[in-house]
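> any chance you can model this:
(2 chains)
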Amino acid sequence: GEDVEQSLFLSVREGDSSVINCTYTDSSSTYLYWYKQEPGAGLQLLTYIFSNMDMKQDQRLTVLLNKKDKHLSLRIADTQTGDSAIYFCAESIRLPGANNLFFGTGTRLTVIP
Amino acid sequence: EAQVTQNPRYLITVTGKKLTVTCSQNMNHEYMSWYRQDPGLGLRQIYYSMNVEVTDKGDVPEGYKVSRKEKRNFPLILESPSPNQTSLYFCASSLKGGNQPQHFGDGTRLSIL
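Next up, the predicted model:
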């Protein structure tokens, strides 16, 4: 599989901004995704960005893509305690005969009240 | 309600006793996939299926089998489970291809003693 890397932990205070970073290796990726996993639950798609875009904003979420450095980030403005979860970055690769998704290790975000 | 349903949610069993984890989706999706989630490793793909009767290996297929006889179902079979298959398993589906947004089930936690 492809290498998608994230730091394992991030702590922020309630009301601050959180920035979760991700690096990937395959320059032929088509979409890049952010998923959120709350305790005991499956993965919920938060947002995604097409590889020819630099930025996407969706309410409190901002995704930045630096294709040259193969770096993706997710910024959460005004972080709330309900944002505490594991966040996974994933890149999609168009392989011959298949299209697959490769996940990072996940970043556990802890929001301190 | 559009969903991916896995059963069972939790299972404790013993080495060598064959087990099947079922996965069903009601969205008429062509693509289905199985992942396992382990601490510090993120999600790794076990097997995927592009459509009925089409299955292929992911990154960690050893010790697993799958089948796709119908569009909605994609069971994961462990013929002779071993302790290193103790993990959290997720089934996912997407409309066409793994590079599109995938919908995840709530997960199955397997413990093999």
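> the residue in chain A positioned nearest to chain B - how many residues pack around it?
Proximity of chain A to chain B (CB to the nearest CB) peaks at A:S92, 3.2 Å away. For the C-beta atoms, the positions are set from N, CA and C on the backbone; glycine is no exception. Neighbour count of A:S92, defined by other CB atoms under 10 Å in any protein chain shown: 26.
> and it, what are its bridge partners?
In this entry, A:S92 is beta-bridged to A:L101, by DSSP bridges.
> can you give me the distance of it to A:V4?
11 Å (CB to CB, to the nearest Å).
> what do those two both touch?
A:F102 (CB atoms under 8 Å, 6 or more residues apart in numbering or on different chains).
> off-centre distance for stretch A:60-77?
Stretch A:60-77 sits 8 Å away from the centroid of its parent chain (CA atoms, centre = their mean, to the nearest Å).
> meant to ask about stretch A:105-113
Using CA atoms, centre = their mean, the mean C-alpha position of stretch A:105-113 is found 12 Å from that of the whole chain.
> list the buried residues of that stretch.
By neighbour count on 16 or more other CB atoms under 10 Å in any protein chain shown, the buried set for stretch A:105-113 is A:105-109, A:111.
> and what of stretch B:30-49?
B:30-37, B:42-49.
> number of nearby residues for A:Y87?
23.
> does it sit in a helix or strand, and which one?
Per DSSP states H and E, A:Y87 falls inside strand A:85-95.
> other residues contacting that strand?
Residues from elsewhere that reach strand A:85-95 (CB under 8 Å, 6+ apart): A:2, A:4, A:6, A:20, A:22, A:24, A:26, A:28-39, A:43, A:46, A:72, A:74, A:99-104, A:106-109, B:42-43, B:98-100.
> that one - what's its average pLDDT?
Averaged across strand A:85-95, pLDDT comes to 87.
> which is the next helix or strand following the lowest-mean-pLDDT helix or strand in chain A?
Across the helices and strands of chain A, mean confidence by mean pLDDT, DSSP states H and E is lowest for strand A:98-103: a mean of 75. Using DSSP H and E, the next helix or strand after strand A:98-103 towards the C-terminus is strand A:107-112.
> hmm, back to that, and the buried residues of stretch A:105-113 near chain B, which?
By CB under 8 Å from any CB of the partner chain, the members of the buried residues of stretch A:105-113 lying near chain B are A:105-106.
> lowest-confidence entry in the buried residues of stretch A:105-113?
Among the buried residues of stretch A:105-113, A:T105 has the lowest pLDDT, at 90.
> surely it meets B:G42?
Yes: if you go by CB atoms under 8 Å, A:T105 and B:G42 touch, sitting 4.1 Å apart.
> returning to what we had before: for the strand holding A:Y87, list every residue counted as buried.
With burial defined by 16+ other CB under 10 Å, the residues of strand A:85-95 counted as buried are A:85-94.
> which parts of the chain are helices?
You didn't say which chain, so I picked chain A. Read by DSSP state H, chain A holds no helices at all.
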